[in-house]
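> Sequence and computational prediction follow.
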Amino acid sequence: MNVKKLLQLSLLAAVSLILFVLENQIPAPVPVPGVKLGLGNVIVVAVLFLYGRKEALAVLAVKIVLSAVLTGNLGALAYSAAGGLLSWGGMCLLRGLLQSNQLWVASVLGAMLHNLGQLLAAVAIASTPGLWAYLPVLLLSGMVTGLFTGIAAQTVVKRLRKPTP
């Protein structure tokens, strides 16, 4: 990896982390654990479509680890990793199939898989199968938030692909 690309990805990872921190300052719109907009994921989705799978995974890993460190919530690392990796895998499968104006589709799937991954981790860690009752709410919220973050990521990709004057 050349220095320019490493610098670009580092800056994008920092932006993703900043969006995560800013979002944590906003009160949750609904009183359901695990439901949030996922602003930091806008950058992860954009990196996947601008750079590729490995680069998106690197930005995701930086975001997951540093967000746990910054919030002081290292216990959330397992949930974030499970959701993030499942989301990344699903979006990677769609990456080659979608046009640039369909990027939001990958984001919707990614958000739903992220919520599913977090729920899988929660059920495994807490040994509480009753948590599956949250699945419909989490999938619905994933569709809505994934659409928003997908449209935002699509806009970011479009702007970053534009040649600079």
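Alright, I've got the coordinates. Since this is a predicted model, take the numbers as computed values, not measurements.

> following the one helix or strand Leu103 maps to, which helix or strand comes up?
In the assignment (DSSP states H and E), Leu103 maps to helix 103-126. For helix 103-126, the following helix or strand on the C-terminal side (DSSP H and E) is helix 135-161.

> Point out the other helices and strands that that following helix packs with.
Other elements packing on helix 135-161 under the criterion 3 or more Cβ pairs under 8 Å, 6 or more residues apart in numbering; DSSP states H and E are helix 40-50, helix 103-126. C-beta: built from backbone N, CA, C; applies to glycine.

> Out of the ones you listed, which gets nearest to Ala76?
Taking Cβ to Cβ, helix 103-126 is the member of these nearest to Ala76, at 9.3 Å.

> what packs against that closest one?
In terms of contacts (3+ Cβ pairs under 8 Å, 6+ apart), helix 103-126 is packed against helix 40-50, helix 77-95, helix 135-161.

> quick one: which of these is nearest Pro27?
Per Cβ to Cβ, nearest to Pro27 of these: helix 135-161, 15.4 Å.

> Can you tell me which residue sits nearest the middle of the protein?
Asn41 (3.2 Å; Cα atoms, centre = their mean).

> how much space is there between Thr155 and Val45?
Thr155 sits 11 Å away from Val45, going by Cβ to Cβ, to the nearest Å.

> the more surrounded of these two?
More neighbours surround Val45 than the other of Thr155 and Val45, with 31 against 14 (other Cβ atoms under 10 Å).

> Tell me the spacing between that one and Gly150.
Distance from Val45 to Gly150, by Cβ to Cβ: 7 Å.

> and among the helices and strands packed on helix 135-161, the most buried is which?
Comparing the helices and strands packed on helix 135-161 by mean neighbour count (mean count of other Cβ atoms under 10 Å), helix 40-50 comes out on top with a mean of 26.

> Just name the most buried of the helices and strands packed on helix 103-126.
Mean neighbour count (mean count of other Cβ under 10 Å) peaks for helix 40-50 among the helices and strands packed on helix 103-126, with a mean of 26.

> Tell me which other helices or strands it touches.
If you count contacts as 3+ Cβ pairs under 8 Å, 6+ apart, helix 40-50 packs onto helix 3-24, helix 53-71, helix 77-95, helix 103-126, helix 135-161.

> Quick check: which of these is nearest to Lys36?
Here helix 3-24 is closest among the helices and strands packed on helix 40-50 (Cβ to Cβ), at 6.5 Å.
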